[in-house]
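Novice: below: sequence and its predicted model.
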Amino acid sequence: MVNTNMRWKLPLICFIWQLAMIVLFGVFIRYSDEADAARWPEYKRNHSITTNVENDFYFRYPSFQDVHVMIFVGFGFLMTFLQKYGFSAVGFNFLIAAFGIQWSLLMQGWFHSLDYNDGKIKIGVVNLINADFCTASALISFGAVLGKASPVQLLLMTLFEVTLFAVDEYIVLNLIQARDPGGTMTIHTYGASFGLMVSWMLWRKDVECTKDKQSSVYHSDLFSMVGTLFLWMFWPSFNSATAGHGDGQHRAAINTYCSLAASVLTAVMISSLLNKKGKLDMVHIQNSTLAGGVVAGTAAEMMLTPYGSLIIGFCVGIISVLGFVYVTPFLASKLKLHDTCGIFNLHFLPGVLGSIVGAITAAAATEGVYTKEGLNANFGFEDHEARIPTTQGGYQAAGMCVALAFGLGGGTLVGLFLRLPIWGDPADENCFEDDVYWEVPGDEEIGPYHLEERNHTDTKH
Amino acid sequence: MVNTNMRWKLPLICFIWQLAMIVLFGVFIRYSDEADAARWPEYKRNHSITTNVENDFYFRYPSFQDVHVMIFVGFGFLMTFLQKYGFSAVGFNFLIAAFGIQWSLLMQGWFHSLDYNDGKIKIGVVNLINADFCTASALISFGAVLGKASPVQLLLMTLFEVTLFAVDEYIVLNLIQARDPGGTMTIHTYGASFGLMVSWMLWRKDVECTKDKQSSVYHSDLFSMVGTLFLWMFWPSFNSATAGHGDGQHRAAINTYCSLAASVLTAVMISSLLNKKGKLDMVHIQNSTLAGGVVAGTAAEMMLTPYGSLIIGFCVGIISVLGFVYVTPFLASKLKLHDTCGIFNLHFLPGVLGSIVGAITAAAATEGVYTKEGLNANFGFEDHEARIPTTQGGYQAAGMCVALAFGLGGGTLVGLFLRLPIWGDPADENCFEDDVYWEVPGDEEIGPYHLEERNHTDTKH
Amino acid sequence: MVNTNMRWKLPLICFIWQLAMIVLFGVFIRYSDEADAARWPEYKRNHSITTNVENDFYFRYPSFQDVHVMIFVGFGFLMTFLQKYGFSAVGFNFLIAAFGIQWSLLMQGWFHSLDYNDGKIKIGVVNLINADFCTASALISFGAVLGKASPVQLLLMTLFEVTLFAVDEYIVLNLIQARDPGGTMTIHTYGASFGLMVSWMLWRKDVECTKDKQSSVYHSDLFSMVGTLFLWMFWPSFNSATAGHGDGQHRAAINTYCSLAASVLTAVMISSLLNKKGKLDMVHIQNSTLAGGVVAGTAAEMMLTPYGSLIIGFCVGIISVLGFVYVTPFLASKLKLHDTCGIFNLHFLPGVLGSIVGAITAAAATEGVYTKEGLNANFGFEDHEARIPTTQGGYQAAGMCVALAFGLGGGTLVGLFLRLPIWGDPADENCFEDDVYWEVPGDEEIGPYHLEERNHTDTKH
């Protein structure tokens, strides 16, 4: 029986790690020109900007806040469907996200600062968005191991996953120069394959003994819908947040909006069709309706066209529900891969599909549709003499392979590391239960849970 | 006993309909100039725009997202007050909204594209907002039949209601040239009268046998408050989202903010006053506090003045609660019109009142207050030589009558159509119950609901 | 046994007060130049503004909506942790906020309009933000008396607290010219000390007899996390909403984001460390994770640097949890000060600490870091020949003392006033119970609660 007491392990990792952040931020991180009291006025003069509204803050902050809501409320509440694991779903999501965004600012910034000569990382609103993006990959992985890992394991997983994310992203976006504004490759494909591998490594043969705790209750499914809806509504902001100013962000939002709408209809369609009595399954409504956002991520900024967006949303809504109905149980029974939230169906399948869609859309780009100016703005061809749409399509496909390789490889290694019996993961019979790691009040009035106790936990027990 | 099995009907309508959307989008829908990679740079040159921040995206996207939240979380959760109907409230709201916005883009766009010569519908962020607006009318109608209609009936109602909305809106805004930025006439008056007529046509004499299921439980009322608050907070965005750039949007937000604040105070006042023990009723707090947003919709962009906004919010908060206490029971007992959410009190009464307020405010407009320039900007008088404020007031009143006519007439016809016994509506004893259409987990730990079942619904039963 | 019947008292105060608002708004309140149909075009000409996007609305409205969410959903749901007091937490928060913002527009506006010559209060989006800020102080105080005061007492408290807030703010920001964009001094320090004094004056020796009702249940803690997360996510908007255009708002958001992230880690750290079994306490996660936002409020716009933000977030997360564990119980048992939500730990301690941080950061400002231009933009030194950073630091400290004085003094007086036995506060045994002031449905299906009853409350009992 492993010791799940976090009293020393959890505080220690939080303390050391937050202390390290302070030191590293002190050494490396500074404000971007647009956030610096001294350099913004100078920046305006140098770029002959006449109004403060051209500060990138006003182009991106509203989208940043939408993304922020997706990360903390969206992912957090989406995972509250388990009847006895709501505190952990929201609370651990909160913890690892707050941990991840700091590390992301450093890791992503470090790679981008390779270009700078002063070796400092300059952060502005776009870095905050990218930090949320980077952290999202860890939250996706969290979905696969939900209920089966300790907070310490989750923090370690986040630490490694964010680090590899930054490397992967640098290769895909900067070296290969693939386009991926919504992170279909770098966030969803990478994060899902990473998480699935970790969950595979952490397989417990007795996980089935907790079947009943792996189910939802009426209210927990409603809390989960809060997460679903905030993810669904704000996904257009997610895919457009880092797109190009002007038409780029505008188009990315429209494409994602269309794709999401279509996947809702087809997810409902298949959910009803596959049920003997034609009843809808909340799991599909909570998850597969979001597949349209994932699949549109790479091509969001391209001239995907509104109907093109509907088509990919149409297909992915179907595929995602089929995954929940046939693939997830198969993975668990045959491959010994237990995927609590079904990230295989919400992130992996739509992620791979969306990467391919992006490659095709890029390869099909023409000057007639984009104009020379538009092609350069969208694909940055002026940076590469050699690049033309068809080659870009190839590089997009290469980007997907890199993301998959990092996800599968990294997930396997990290999963093996997390199998060490020292991280305080719960015993099989305690999986999917908050009270291993939380002071849990009674379910209804039963079990008095007094004020002093609420405020004076160290006198408990 | 009607057959409520949706297994073939629901998938079929979703499939055919989503397929039709793809085809129609392919034929008709293109990006607007401001969202098109090729045309935006050209557009900037033609309008001598120097910065991307003048792309309409940056004027309207934040408001669009607020409206989006109102449509999906606001309306969805507001209707979760029923103790056994939360899945349907949120889930069907999600389904018909995703269905409605696509159809709205086509219908509204088709009427607006009458002006274009190439017959294509160009969509940008303002079209997304209008699609949400249009869909809102169907969600309002949903409130009247909540718990008594099948998803197929709801989808059909949405199909027809959105279509008529587009016609109605074209007449009111384009032909009559009435002003209605917050949709008091086109959304609330139309949607409420439409829904009330549908509910009237679908009257069930045994609806009272399910009295207990028409009540709330403690937690369901809290979920409902999530919807109420998001509607209340973002209503200033709703009424200002499509208002004129600059002072128009600014003023619309201020007016709505004031009106909403006043209606909260007076709703609480009457709710307490009409209860023998002075206790507050959650139904009134959840609904009547929002009446201030509805009533301010038409006049939002006009020089209504902050105190004028307070006055209309003051009155409508009172009227709305009185409606809940006296009119709704009367409609049910005497007129055989059962209005589940009380849309008569939240949307119909405030809608009619707000339309009249708009007409008066328009008629009272003067050059002294607006300046010639302001009058033209607000009422577009330069387009019509004949228009002066008093005549505009008349046209506003005419707009309300048109909206009422479309709502009452359309609702009656659609209601009759939905009475056909082939749409799988629930038996009287199964009204207001999720498990007719949903796989529902146990209320608390009771009823094991296993992982395979969650993931493999077609093996159930 | 006091009479808790609100039937006449509550409607009367709402009626008189809302009527007064209408009159006062009519006499004093007008649109700002940027929201006025006649004056905005003129304003543009006078300031040679070429585009509507330079209307302050577009600089501040998105942040305003985030702040709005914090006020109504954030504060409202944060307080729903009590098992039987959810309606009151959300409902009274809604009521006093809607009451407070109107009064704030007048009170704050009146002081600012002292400068105008026409004696009118011109309101625009920045006034709406400030009204939300001002009201926040009353909602903080509400946290201390949660469950123990009647709605009438809460409305009276809000009336006086908002009035004093305006005076305090005018002295701190306009006379002393201290900087406080996030209201660490004027909102948190003032509001917390005010509320603690009121709660002290309203001490009930038998409050412990309701221990069990002062506890949470599983679902109520999840609702509370909805409030926590929306407060946490949008706090960067809170601290940057009224900061300077351009780099000011940009920097304020970054600093707050960093500080908040750090406080999550350290709050988790101490919560686990102080529990014998290393289990986390929801109270700490719900509250202490937010301390990082409070502490960064005053220095948010200054060149605090990202690592400086991490440091203050690090410290305050620790201090806040220690407060919950050791100070709150001590206040209750020794000082007879019962603080229901622990605002001492979330607002008072971080508020005082943040004020000091602001003073030090201001005193440490140099031309090397800010440039002369930046110093003037951040501290408005050009207005005062005498001002240099060190003196500014002194004035910041003076500002904190003024805020404390107003809070402690005002809270004591108002608390004494609220002790009058005529305001209908609940008997000790009815504290923390909704059904003193609300029609409460059964907890589950028990207790039929019929439609007529929902709609026809005056026939009840």
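Specialist: Yep, it's here. Treat the numbers as computed from the prediction; the structure is a model and nothing was measured.

Novice: what ranges in the stretch 201-350 of chain A fall below the confidence cut-off?
Specialist: Low-confidence segments of the stretch 201-350 of chain A, defined by pLDDT under 70: none present.

Novice: residues of it that sit close to chain C?
Specialist: Neighbours of chain C within the stretch 201-350 of chain A, by C-beta under 8 Å from any C-beta of the partner chain: A:219, A:223, A:226. To be clear about C-beta, it is placed using only N, CA and C from the backbone, and glycine gets the same treatment.

Novice: top of these by neighbour count?
Specialist: Per-residue neighbour counts (other C-beta atoms under 10 Å in any protein chain shown) across those peak at residue A:223, which has 26 neighbours.

Novice: that one belongs to a strand?
Specialist: No. Judged by DSSP: H, G, I helix; E, B strand; the rest coil, residue A:223 forms no part of a strand; its state is helix.

Novice: surely it and residue A:78 touch.
Specialist: No. Applying C-beta atoms under 8 Å as the test, residue A:223 and residue A:78 come out as separate, 9.2 Å apart.

Novice: identify the residues contacting the residue in the stretch 201-350 of chain A that chain B sits nearest to.
Specialist: Nearest residue of the stretch 201-350 of chain A to chain B, counting by C-beta to the nearest C-beta: residue A:278, 2.9 Å away. Residues counted as contacts of residue A:278 (C-beta atoms under 8 Å, 6 or more residues apart in numbering or on different chains) are A:272, B:5, B:6, B:7, B:8, B:9, B:10, B:11.

Novice: 10 Å - rerun?
Specialist: By C-beta atoms under 10 Å, 6 or more residues apart in numbering or on different chains, residue A:278 lies in contact with A:271-272, B:3-11, B:151, B:424, B:437.

Novice: for it, which non-adjacent residue is closest in space?
Specialist: Excluding the flanking residues, the one nearest residue A:278 by C-beta to C-beta, 6 or more residues apart in numbering or on different chains is residue B:7, at 2.9 Å.

Novice: can you confirm the one you found is in a helix?
Specialist: No. Assessed by three-state DSSP, residue B:7 does not belong to a helix; its assignment is coil.

Novice: give me the pLDDT for residue A:117.
Specialist: Listed pLDDT for residue A:117 reads 65.

Novice: now do the end-to-end distance for stretch A:195-209.
Specialist: 22 Å (C-alpha to C-alpha, to the nearest Å).

Novice: over to stretch A:360-370?
Specialist: Where stretch A:360-370 begins and where it ends lie 15 Å apart, using C-alpha to C-alpha.

Novice: ok, and for that stretch, which residues are buried?
Specialist: A:360, A:361, A:362, A:363, A:365, A:369, A:370 (16 or more other C-beta atoms under 10 Å in any protein chain shown).

Novice: quick check: mean pLDDT of it?
Specialist: 94.

Novice: rewinding a little: out of the residues of the stretch 201-350 of chain A next to chain C, who's near chain B?
Specialist: Applying C-beta under 10 Å from any C-beta of the partner chain to these, one finds that A:219, A:223, A:226 fall near chain B.

Novice: phi, psi of the last one?
Specialist: Main-chain dihedrals, residue A:226, degrees, to the nearest 10: phi -60, psi -50.

Novice: which non-adjacent residue is nearest residue A:225?
Specialist: The nearest residue in space to residue A:225 (C-beta to C-beta, 6+ apart) is residue B:90, at 4.9 Å.

Novice: was I right about the one you found contacting residue B:220?
Specialist: No. With contact taken as C-beta atoms under 10 Å, residue B:90 and residue B:220 are classed as non-touching, separated by 11.3 Å.

Novice: mutual contacts of those two, please.
Specialist: A:222, B:77, B:80.

Novice: need the residue closest to the centroid of chain A.
Specialist: Geometric centre of chain A, nearest residue: residue A:136, 2.5 Å, by C-alpha atoms, centre = their mean.

Novice: what pLDDT does that one get?
Specialist: 98.

Novice: anything in the top helix by length along chain A near chain B?
Specialist: Ordering each helix of chain A by length in residues (DSSP state H) puts helix A:389-418 first. No. Against chain B, helix A:389-418 shows no contacts by C-beta under 10 Å from any C-beta, the least distance being 12.8 Å.

Novice: tell me which residues touch the closest residue to chain C within the stretch 251-400 of chain A, please.
Specialist: Here the residue of the stretch 251-400 of chain A nearest chain C is residue A:253; by C-beta to the nearest C-beta that distance is 14.9 Å. When contacts are counted by C-beta under 10 Å, 6+ apart, residue A:253 touches A:63, A:235-241, A:243, A:300-301, B:35, B:57, B:61, B:64-65, B:124-125, B:128.

Novice: list the contacts for the residue of chain A found nearest chain C?
Specialist: Closest residue of chain A to chain C, C-beta to the nearest C-beta: residue A:7 (2.9 Å). Counting by C-beta under 10 Å, 6+ apart, residue A:7 touches A:424, C:272, C:273, C:274, C:275, C:276, C:277, C:278, C:279.

Novice: what's the answer for residue A:100, then?
Specialist: A:71, A:107, A:131-132, A:134-139, A:155, A:157-159, A:161-162, A:165, C:261.

Novice: gap between it and residue C:207?
Specialist: 41 Å (C-beta to C-beta, to the nearest Å).

Novice: for residue A:166, same thing?
Specialist: 52 Å.

Novice: per-residue pLDDT of the residue of chain A closest to chain C, please?
Specialist: 88.

Novice: now do residue A:444
Specialist: 50.

Novice: equivalent analysis for the one 4 residues further on, please.
Specialist: At residue A:448 the predicted local distance difference test score is 35.

Novice: what residue in the stretch 351-461 of chain A comes nearest to chain B?
Specialist: Closest point on the stretch 351-461 of chain A to chain B, by C-beta to the nearest C-beta, is residue A:374, at 3.6 Å.

Novice: related to what we said a few turns ago, name the element the residue of the stretch 251-400 of chain A closest to chain C belongs to?
Specialist: helix A:247-273 (DSSP states H and E).

Novice: show me what contacts the closest residue in space to residue A:339 that isn't next to it in sequence?
Specialist: Distances taken as C-beta to C-beta, 6+ apart place residue A:144 nearest to residue A:339, at 5.0 Å, with adjacent residues excluded. By C-beta under 10 Å, 6+ apart, residue A:144 lies in contact with A:191-200, A:202, A:337-344, A:347-348, A:411.

Novice: among those residues, which ones are in helices?
Specialist: Reading helices off those with DSSP H, I get A:191, A:192, A:193, A:194, A:195, A:196, A:197, A:198, A:199, A:200, A:343, A:411.

Novice: what is the nearest of those to residue C:95?
Specialist: residue A:343 (42.4 Å; C-beta to C-beta).

Novice: just the element for the nearest residue to that closest one once chain neighbours are set aside, please.
Specialist: Closest residue to residue A:343 apart from its sequence neighbours, by C-beta to C-beta, 6+ apart: residue A:143 at 4.4 Å. Assigning secondary structure by DSSP H and E places residue A:143 in helix A:125-145.

Novice: continuing past that helix, what's the next helix or strand?
Specialist: helix A:151-169.

Novice: now do the strands in chain A.
Specialist: Taking DSSP state E as the criterion, chain A contains strands spanning A:29-31, A:121-123.

Novice: so what secondary structure elements neighbour the first one?
Specialist: So the one you mean is strand A:29-31. Contacts defined by 3 or more C-beta pairs under 10 Å, 6 or more residues apart in numbering or on different chains; DSSP states H and E place strand A:29-31 against helix A:39-46, helix A:86-112, strand A:121-123, helix C:247-273, helix C:306-322.

Novice: just checking, what packs against the third one?
Specialist: Secondary structure elements in contact with strand A:121-123, counted by 3+ C-beta pairs under 10 Å, 6+ apart, are helix A:9-28, strand A:29-31, helix A:86-112, helix A:125-145, helix C:247-273.

Novice: quick one, what contacts whichever residue of the stretch 1-150 of chain A sits closest to chain B?
Specialist: The nearest approach of the stretch 1-150 of chain A to chain B comes at residue A:62, 4.3 Å away (C-beta to the nearest C-beta). By C-beta under 10 Å, 6+ apart, the contact list for residue A:62 reads A:237, A:241, B:58, B:61-66, C:61-63, C:65-66, C:237.
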